[in-house]
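Colleague: model the following, please.
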Amino acid sequence: MTACDILVSGTGGFAARIAFDIAATAQQPVNIVIAGRNRSRLDWLRTAANARAAIFGRSARFGSFAIDLLEPDAAPRLLAATQPRVVVQAASIQTSQVIAQSGNAWTRLVAEGGLSATAVFQALISSRVAAAITRAGRPTAFINCGFPDVVNGMITAQGHAVACGMGNVAILSNVFAGSASVRPGAAVKTLAHYQTIAAWRRPPAERGGPTPRVWVDGAEVEDVFARFADVQLTPEPAIEISGASGVPMMLAMASGGDWRGHVPGPNGLPGGYPVALCAGKVTLDLPAGVSADEAVAWNRAFEERNGLTVEADGKVVYTGRLREGLAAHDAELAEGFHIADLETVCTKMLALRDRLMALP
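Modeller: Model prediction:
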């Protein structure tokens, strides 16, 4: 297989959204490889994506690479075979659909303690891919789609580079930009942690809790819930927006172009920010008067109150309701761990998840 422009690892709905939107929107020739272990699913994604490129008259071409991403040597083999300019890691051992599920002790822990309960699962494959990119030594942009608000900090704590993630803050920034309350073409900038998304899944009259910070044409919105009352997300993951949100960015990365928008976890930072891509680098593009320290502290505060933080020494710390919920089931896991022990802790967390999923 020859070198590709973009490697998409994973065959779920998120990866499909990415591939299908590349097929419909790519303005320049681009070569994409989709990787995963389900051969029939790979064949379908490749076929459908190439058909969509033909429908829309685009020069995107799609191939596939069958591999079990959980095999110990999968990441380096995949990178060696495809030699991508951009890696989009969308595979995980924890489905994002958990946010819309209920009926057992595991889904209750996630609902009450937050998605950081799943962080080690989201980090497993992504950390392996990041390590393989580091070892390969080639200039490769890495986009981690698995819970990037938190996981990207775990990846950088391991000593690996990650450009950013997709979705989350970009869900909100784009629905705000598309709101009837915003004139077409207005400049919208948003600071948003993933914990600020849930309110928008509820009807307007039931919304409450922390809000994102939003600026329209340079002026900060005072009452975000009131201004954007017409915005409505689904209870399920908003893949139609989140999976699409990073497509213009990854195409710019692949072609060496510039881009401005919103991403979670840029360069391992917590939460989500407005950013600029220039000369292959992702940098913060904050509203006037907002410093990088202020923006990072605002985002980090969410996980400090409840969730998971990564300390300077590599210690992963659970906080708030999540720590309390974990302690009720496994006191040792609730104490946190060093990032170097991620693989071992993931095995223990998988055992806990299996046990809790069997409990009402």
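
Colleague: and the one helix or strand in the chain whose mean pLDDT sits lowest, what's buried?
Modeller: In the chain, no helix or strand scores lower on mean pLDDT, DSSP states H and E than helix 105-113, which sits at a mean of 89. Of all the residues in helix 105-113, those buried under the rule 16 or more other C-beta atoms under 10 Å are 105-107, 109-111, 113. In this view, the C-beta of every residue, glycine as well, is placed from N, C-alpha and C.

Colleague: kindly format the C-alpha coordinates of that helix as PDB.
Modeller: C-alpha atoms of helix 105-113 as PDB (Å, rounded to 0.1, in the frame of the first residue of the first chain):
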ATOM      1  CA  ALA A 105     -24.600   0.300  37.700                       C
ATOM      2  CA  TRP A 106     -22.000   1.200  35.000                       C
ATOM      3  CA  THR A 107     -24.200   3.600  33.100                       C
ATOM      4  CA  ARG A 108     -25.300   5.100  36.400                       C
ATOM      5  CA  LEU A 109     -21.700   5.700  37.400                       C
ATOM      6  CA  VAL A 110     -21.100   7.400  34.100                       C
ATOM      7  CA  ALA A 111     -24.300   9.400  34.300                       C
ATOM      8  CA  GLU A 112     -23.600  10.600  37.900                       C
ATOM      9  CA  GLY A 113     -19.800  10.800  37.800                       C
END
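
Colleague: helices or strands next to that helix in the packing?
Modeller: On a contact count with 3 or more C-beta pairs under 8 Å, 6 or more residues apart in numbering; DSSP states H and E, helix 105-113 meets helix 320-327, helix 342-357.

Colleague: what packs against the first one?
Modeller: Yep, that's helix 320-327 we're talking about. Packing partners of helix 320-327 (3+ C-beta pairs under 8 Å, 6+ apart): helix 105-113, strand 307-310, helix 331-334.

Colleague: may I see the buried residues of it?
Modeller: 320-323, 325-326.

Colleague: what about stretch 323-335, start to end distance?
Modeller: End-to-end span of stretch 323-335 (C-alpha to C-alpha, to the nearest Å): 8 Å.

Colleague: now pLDDT and distance to Ala130 too, for the buried residues of helix 320-327, in JSON lines please.
Modeller: Listed next are those as JSON lines, based on pLDDT from 0 to 100; distance: C-beta to C-beta, whole Å:
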{"residue": "Gly320", "pLDDT": "97", "distance to Ala130": "27"}
{"residue": "Arg321", "pLDDT": "96", "distance to Ala130": "29"}
{"residue": "Leu322", "pLDDT": "96", "distance to Ala130": "24"}
{"residue": "Arg323", "pLDDT": "97", "distance to Ala130": "26"}
{"residue": "Gly325", "pLDDT": "94", "distance to Ala130": "28"}
{"residue": "Leu326", "pLDDT": "95", "distance to Ala130": "25"}
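
Colleague: which among the residues you listed gets closest to Trp259?
Modeller: Set against Trp259, the nearest of these by C-beta to C-beta is Leu322 (34.1 Å).

Colleague: the closest one reaches Thr118, doesn't it?
Modeller: No. Contact criterion C-beta atoms under 8 Å: Leu322 and Thr118 do not qualify, at 10.4 Å.

Colleague: what about Thr344, how many neighbours?
Modeller: 12 (other C-beta atoms under 10 Å).

Colleague: from Leu350, how far out is it?
Modeller: As for Thr344, its distance to Leu350 is 11 Å (criterion: C-beta to C-beta, to the nearest Å).

Colleague: re the thing from before, redo the helices and strands packed on helix 320-327 as a markdown table? Include distance to Arg260.
Modeller: Putting the helices and strands packed on helix 320-327 into a markdown table (distance: least, C-beta to C-beta, whole Å) gives the following:
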| stretch | distance to Arg260 |
| --- | --- |
| helix 105-113 | 33 |
| strand 307-310 | 28 |
| helix 331-334 | 40 |
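
Colleague: which residues in the protein form strands?
Modeller: Secondary structure of the chain (DSSP state E): strands at 6-9, 30-36, 60-66, 86-89, 141-144, 188-191, 213-216, 219-220, 259-264, 272-278, 281-284, 307-310, 315-319, 337-338.
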